[in-house]
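J.: The amino acid sequence is not available; the structure is as follows:
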Ligand code: SF4
């Protein structure tokens, strides 16, 4: 029988400093709205993650707590707002992500480009990672993002091939690998992440690493899935920190330039380090 009580290594106290600073700027960071356990560490390094294109997603992944439904119209002033926020927080590095916007003709791609351009124009010294949706595998739309030249483009596989269909919504393992391949082929740092604790096996994790490397991925994150609400899929296992450390070692040996692997690792963890892969 699976013991679903949280182990000690996942019981962390969330530090409260920095929150007032973020609150002052009325930022919509997923660091604070998602109660990320690493947010003080990231903010301490001058990094924060913003979610754009609203807070309602057209998809319904079983691990995700974002509301599913009909999103509101895009806010034309959002690009400038994000750029101003990055500027007033003096961020050295920023991560931008979004909900999926399958309701829009261009799936939100032109809005993404507007955000990247506005942030770069106002913050020429700030590096940027964009954690993008799959854009339904549309290469023309992904190309628009790449042409805006963020330093790192990430797209999460989320889980191993066998479990993809049952926990992700619409997205497929194969299309996600193609997204990664397109990013790497363009010459931008390609990054991806998976969660453990959904029922995957060691062999499947290794297969996933091999698939990502074959697609040209150079940065990988591996973290523990935590059930965000009762409506989400249950945790099938709390993976021990030593096992995470082993995956870090294996990933590095296989050829990833960076592997962040640990129970509390999220896709933005230590993101500022992933700009450089030499
Ligand atoms: S597409 Fe992303 S934001 Fe939407 S439900 Fe899935 S994980 Fe959550």
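T.: Yes, it's here. Quantities reported herein were computed from a predicted structural model and do not represent experimental measurements. Numbers count the residues shown, from 1 in each chain.
J.: got a pLDDT number for the residue of the stretch 151-278 of the chain found nearest the ligand?
T.: As assessed by CB to the nearest ligand atom, the ligand sits closest to residue 169 within the stretch 151-278 of the chain, at 5.5 Å. Placement of C-beta: from N, CA and C, glycine included. pLDDT for residue 169: 95.
J.: and it, that's in a strand?
T.: No - using DSSP: H, G, I helix; E, B strand; the rest coil, the assignment for residue 169 is coil, not a strand.
J.: I'd guessed it sits against residue 59; true?
T.: Yes - counting by CB atoms under 8 Å, residue 169 touches residue 59, with 3.9 Å between them.
J.: Give me the below-cutoff pLDDT ranges for the stretch 151-278 of the chain.
T.: 277 (pLDDT under 70).
J.: which residue ranges form the helices in it?
T.: According to DSSP state H, counting those that start in this stretch, the stretch 151-278 of the chain carries its helices in the segments 161-167, 173-186, 202-215, 241-254.
J.: do the stretch 1-150 of the chain as well
T.: With DSSP H, counting those that start in this stretch as the criterion, the stretch 1-150 of the chain has helices at 19-24, 30-33, 39-44, 78-88, 109-122, 139-147.
J.: Okay, angle between the fourth one and helix 109-122 too, please.
T.: Okay, so that is helix 78-88. Angle, helix 78-88 to helix 109-122, by axes from the mean of the first three to the mean of the last three CA atoms, to 10 degrees: 30 degrees.
J.: Tell me the buried residues in helix 78-88?
T.: 78-86 (16 or more other CB atoms under 10 Å).
J.: swap in the longest one?
T.: Neighbour counts using 16+ other CB under 10 Å place 109, 111-116, 118-120, 122 of helix 109-122 among the buried residues.
J.: quick check, nearest of those residues to the ligand?
T.: Nearest to the ligand among the buried residues of helix 109-122: residue 112, at 14.1 Å, using CB to the nearest ligand atom.
J.: I figured residue 198 hits residue 233, correct?
T.: Yes - with contacts counted by CB under 8 Å, residue 198 reaches residue 233, the gap being 7.0 Å.
J.: between these two, who's got more neighbours?
T.: Each of residue 198 and residue 233 has its neighbours counted (other CB atoms under 10 Å); residue 198 has more, 23 against 18.
J.: residues in this protein within reach of the ligand, list them.
T.: Selection of the chain residues close to the ligand by CB under 6 Å from any ligand atom yields 57, 59-61, 64, 66, 99-100, 169.
J.: let's see 5 Å
T.: 57, 59, 61, 64, 66, 99-100 (CB under 5 Å from any ligand atom).
J.: Which members of those are positioned in strands?
T.: For the residues of the chain next to the ligand, the ones inside strands are residue 57, with DSSP state E as the criterion.
J.: ok, and the most crowded of the residues of the chain next to the ligand?
T.: Neighbour-wise, the residues of the chain next to the ligand (other CB under 10 Å) top out at residue 100, 25 neighbours.
J.: do you know how far that residue is from residue 200?
T.: Distance, residue 100 to residue 200, by CB to CB, to the nearest Å: 23 Å.
J.: correct me, but residue 263 touches residue 242?
T.: No - using CB under 8 Å, residue 263 is not in contact with residue 242, being 10.6 Å away.
J.: neighbour-wise, which of the two wins?
T.: residue 263 (22 against 7).
J.: give the contact list for the more buried one.
T.: Neighbouring residues of residue 263 by CB atoms under 8 Å, 6 or more residues apart in numbering: 9-10, 223-224, 238-239, 241, 244.
J.: for those, which one is nearest residue 48?
T.: When those are ranked by distance to residue 48 (CB to CB), residue 223 comes first, at 18.3 Å.
J.: Noted, bye for now.
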